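In: Got a sequence here, can you build the structure:
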Amino acid sequence: MSDLPRKAVTRTAKLAALPLGIAGRATWGLGKRIGGKPAEIVGRELQQRTAEQLFKVLGELKGGAMKLGQALSVFESALPEEVAGPYRAALTKLQEAAPPMPTSTVHSVLAEQIGADWRERFLEFEDKPSAAASIGQVHRAVWHDGREVAVKVQYPGAGEALVSDLNQLARFSRMLAPLIPGMDIKPLIAELRDRVSEELDYALEAQAQRAHAEEFAADPDVRVPDVVHQADQVLVTEWIDGIPLSEVITDGTDEQRDRAGQLLARFLFSGPARTGLLHADPHPGNFRLLPVCADGADEGDAAGGADGWQLGVMDFGTVDRLPGGLPGPIGESLRMAISGEADAVYDMLCEEGFVKESIKLDANEVLDYLLPIIEPVHAEEFVFTRDWLRAQATRIGDPRSPAHQMGKQLNLPPSYLLIHRVTLSTIGVLCQLGATVRLRDELEAWVPGFLAEDADADAAADAADKPEPEAEATAAGA
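Out: Below you'll find the predicted structure:
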């Protein structure tokens, strides 16, 4: 029997408690203020209580509710500190842990998926989960050949819970807005809902993880654990230790923060070019910072290797399939924007569908809208901070600002939707880290069209494919 609250009425009631709880606490806060308690203190208490309820409800429900919580957790950097502070601890908990399912349920799933003799596959198996997430939890074990492994067990009823939660959250999205002021939650929920089937398919996840493990097997900067065994609701992969990125965010040294930020950017930009896949769930719970020795091993002294640290990457349940790598227009438009080529940028945005045919915009105003956002790419190295991200969120989110009005007129084509979310999420994590990153280096190395010579090479290739005028005339005459 599933430990997830699977009945729609039960889960809906719990989710409905979020906005209703906010209204109740607002009334409580008003009473406190009438009673003479300072508004600032009442506000902090109100936000803290709301944060605690947010974690409690989303964490207990797992499924789509917790998936939303994890997605929101990487955007807290964009919020004003007086709002973000009380939410930060509660939201970041969702990146690493959730209430576990009963041991008996875990054993039942393993018996059903691997076989009644499932224990014979392992030399050791820890019943207490090492991590729990939105659709499954992870147990540490030792495979029968002696390898340390991570055993991910999908919650029974996870698919039903995901669909139910996200449908209900979509209905409540307007009421949920006060949980994360300034965040447009509805499109995020819609995009998460569109990825449900892939998230639940461990065969697809295993395929994506194997592709990455093979490609990055000898990489000094990135380590991806290989797949050991896969069933419909169980995925066994190699175990990796290391410092969770959430701990680097809260307690890491400047060296660790900068290295983690650089490697995160490198992995996310290089992945599509090297594997044709984009890791589409870049919240801190999916990454580890691994110390490496001078000989390249990941144990012991961290003085050697590539700056002493390697990025461990996990969870390939959500990926975007990009066989040709990131779309060339991304690199080309960034390059032209940095060069101040307003008309060329505008033309490309029109061609790619970012500006609908029925809308006419001023090219220079569009460029003015984009330049502050792409500041990290323009600089040789950029310090990602919460203050910078808040400034961008305020500039774009304030209905009175020209940037807000411009943003409302731009369109996000479906083919760019997941790329857009991954980029925003990555920027959110970089700002949580407070990392100094040479982002431009990664774009020059991995994003098609970003370097001028790339564009020239593409133009030359296109020209070579076209027949000469005389040849065309001859062919026509024939």
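In: From what I see, R223 and Q310 are in contact.
Out: Yes. Counting by Cβ atoms under 8 Å, R223 does reach Q310; the two are 5.3 Å apart. Yep, even glycine has a C-beta here, placed from its N, CA and C like the rest.
In: Looking at these two, which one has more neighbours?
Out: Neighbours were counted for R223 and for Q310 using other Cβ atoms under 10 Å; Q310 has more, 26 against 22.
In: Check what pLDDT that one gets.
Out: pLDDT for Q310: 96.
In: What ranges in the stretch 301-450 of the chain fall below the confidence cut-off?
Out: Applying pLDDT under 70 to the stretch 301-450 of the chain flags the ranges 301-307.
In: try 50 this time
Out: Scanning the stretch 301-450 of the chain for pLDDT under 50 picks out 301-306.
In: now swap in the stretch 151-300 of the chain and tell me
Out: 178, 181-182, 294, 296-297, 299-300.
In: Strands of that one, start to end?
Out: For the stretch 151-300 of the chain, strands defined by DSSP state E, counting those that start in this stretch occupy the ranges 222-223, 227-230, 234-238, 243-244, 277-279, 287-291.
In: In TSV: those, plus distance to S130.
Out: Below are the strands of the stretch 151-300 of the chain laid out as TSV (distance: least, Cβ to Cβ, whole Å):
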stretch	distance to S130
strand 222-223	18
strand 227-230	16
strand 234-238	13
strand 243-244	11
strand 277-279	21
strand 287-291	12
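In: Domain-wise, how is the protein divided?
Out: As given by automatic domain parsing, the domain ranges for the chain are 8-96+162-196, 103-154+201-321, 328-462.
In: So for A206, which of the strands of the stretch 151-300 of the chain sits nearest?
Out: Nearest to A206 among the strands of the stretch 151-300 of the chain is strand 227-230; the distance by Cβ to Cβ comes to 4.1 Å.
In: Can you list the strands that the closest one pairs with?
Out: Here strand 227-230 is paired, per DSSP bridges, with strand 234-238 (antiparallel).
In: contact partners of the partner strand?
Out: 109-110, 113-114, 136, 141, 143, 147-154, 202, 205-206, 209, 225-230, 314 (Cβ atoms under 8 Å, 6 or more residues apart in numbering).
In: Now the buried members of those.
Out: 109-110, 113-114, 136, 141, 143, 147, 149-154, 202, 205-206, 209, 225, 227-228, 230, 314 (16 or more other Cβ atoms under 10 Å).
In: on that earlier part again, inside helices: which ones of the contacts of strand 234-238?
Out: Counting by DSSP state H, the contacts of strand 234-238 place 109-110, 113-114, 202, 205-206, 209 in helices.
In: For the residues you listed, give me TSV that also has distance to I359.
Out: Formatted as TSV, the ones in helices among the contacts of strand 234-238 follow (distance: Cβ to Cβ, whole Å):
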residue	distance to I359
V109	51
L110	55
Q113	51
I114	55
Y202	43
E205	39
A206	43
Q209	41
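In: Of these, which is the nearest to E332?
Out: Taking Cβ to Cβ as the measure, Q209 is the one of the ones in helices among the contacts of strand 234-238 closest to E332, at 31.1 Å.
In: which residues sit in contact with that closest one?
Out: Q209 neighbours (Cβ under 8 Å, 6+ apart): 224-227, 237, 316.
In: any chance of the residues you listed in CSV, plus distance to L277?
Out: Written out in CSV, the entries for those read as follows (distance: Cβ to Cβ, whole Å):
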residue, distance to L277
V224, 11
P225, 16
D226, 16
V227, 14
T237, 16
F316, 8
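In: Among these, which pair sits farthest apart?
Out: Pairwise distances across the contacts of Q209 peak at 11.6 Å for D226 and F316 (criterion: Cβ to Cβ).
In: From P156, how far out is V109?
Out: 6 Å (Cβ to Cβ, to the nearest Å).
In: Give the residues shared as contacts by these two.
Out: Q233.
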